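Student: No sequence on hand, only this structure:
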Ligand SMILES: NC(=O)c1ccc[n+]([C@@H]2O[C@H](COP(=O)([O-])OP(=O)(O)OC[C@H]3O[C@@H](n4cnc5c(N)ncnc54)[C@H](OP(=O)(O)O)[C@@H]3O)[C@@H](O)[C@H]2O)c1
């Protein structure tokens, strides 16, 4: 069993850290807003949390939060040794992964996840994993407690793949909202068509219960994606649509044409 520091106990992190405790790892947690997790030690700062940890896992909002937690006041980075591995689970994109890797004394594995809080709780996430093969080998037994580990290649490849997946999901949800609007204008009941049509998986996600992916996270992911291409106007429009949603609402609301702030 491994010594793990887990930084970020939000919707996803709280459930993922609980999986690591249940798997028998020695877990120390830290969250900006103090929060306790049964079976884990709660540290008062990121630096305190990572002292002596073999694996440091971050599950935070986005690049700015990861920057603050690693390199800000009482940040984790100076307290990490070359023998540790940072496992970056948040969705932050490949550029942020590269920027972090260049400044840390230890290897970095980017391991963003697919699936929401229901699958996090069940340990059934898809865990994409990018990095040197030997580093991914080291962290794979820990990540296995979170779900199905899928290697994507070198450093940053998982972060890149995750942006593509989320662009498809959030873009699809926004398109589904417009398709429903069109159906209403034409007097067509779209639901029987959508259940088996080209947007079937997106429609299933839109109607899913037990999930929570905030629309502010959808905006963040499309902002990260759009930086990588200058011919992505549809994703930019989906981003703007997500930005009209009430904060804290699940991104599935994008598929409801009447949902706006
Ligand atoms: N929710 C999903 O379905 C889902 C699925 C796959 C991937 N993801 C990705 O996973 C990550 C976490 O998602 P989530 O749903 O768990 O988000 P969340 O519930 O909003 O949690 C965000 C976490 O980041 C912390 N944080 C934010 N800004 C910070 C800062 N400046 N300094 C320190 N800590 C900060 C928050 O601390 P406080 O508690 O103090 O606010 C909280 O622990 C995101 O990158 C998201 O895109 C989410």
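Tutor: Nice, thanks for sending it over. In this text, all values refer to a predicted model and were calculated from it rather than measured experimentally.

Student: all contacts plus neighbour counts: C-alpha atoms, from now on.
Tutor: Noted.

Student: Return the set of residues that bridge with residue 88.
Tutor: Here residue 88 sits in beta bridges with residue 58, residue 110, going by DSSP bridges.

Student: for this protein, which spans come out with low pLDDT?
Tutor: Within the chain, the stretches with pLDDT under 70 are 261.

Student: again, only this time at 90
Tutor: For the chain, applying pLDDT under 90 flags the ranges 193, 195, 246-248, 258-261.

Student: which one in it is furthest away from the centre?
Tutor: Relative to the centre of the chain, the most outlying C-alpha is that of residue 187, 38.1 Å out, by C-alpha atoms, centre = their mean.

Student: What separation do you get for that one and residue 127?
Tutor: Using C-alpha to C-alpha, to the nearest Å, residue 187 is found at 42 Å from residue 127.

Student: what's the straight distance from one end of stretch 79-96 to the other?
Tutor: End-to-end distance for stretch 79-96, by C-alpha to C-alpha: 20 Å.

Student: Spell out which residues of the stretch 151-261 of the chain are next to the ligand.
Tutor: Residues of the stretch 151-261 of the chain lying near the ligand by C-alpha under 6 Å from any ligand atom: 212, 213, 217.

Student: Inside strands: which ones of those?
Tutor: Per DSSP state E, strands hold no members of these.

Student: Show me the strands in the stretch 1-150 of the chain, by range?
Tutor: Along the stretch 1-150 of the chain, counting by DSSP state E, counting those that start in this stretch, strands occupy 3-7, 26-30, 41-42, 55-58, 85-88, 108-110, 113-114, 125-130, 147-153.

Student: quick one, domains of the protein?
Tutor: What automatic domain parsing lists as the domains of the chain is 3-155, 160-255.

Student: Identify, out of those domains, the most deeply packed stretch.
Tutor: Burial of the domains of the chain is given as mean neighbour count (mean count of other C-alpha atoms under 10 Å); domain 3-155 ranks first at a mean of 20.

Student: next SSE after the longest helix seen in the chain?
Tutor: Counting by DSSP state H, the longest helix found in the chain is helix 157-186. Remark: after helix 157-186, the chain's next helix or strand is helix 191-194, criterion DSSP states H and E.
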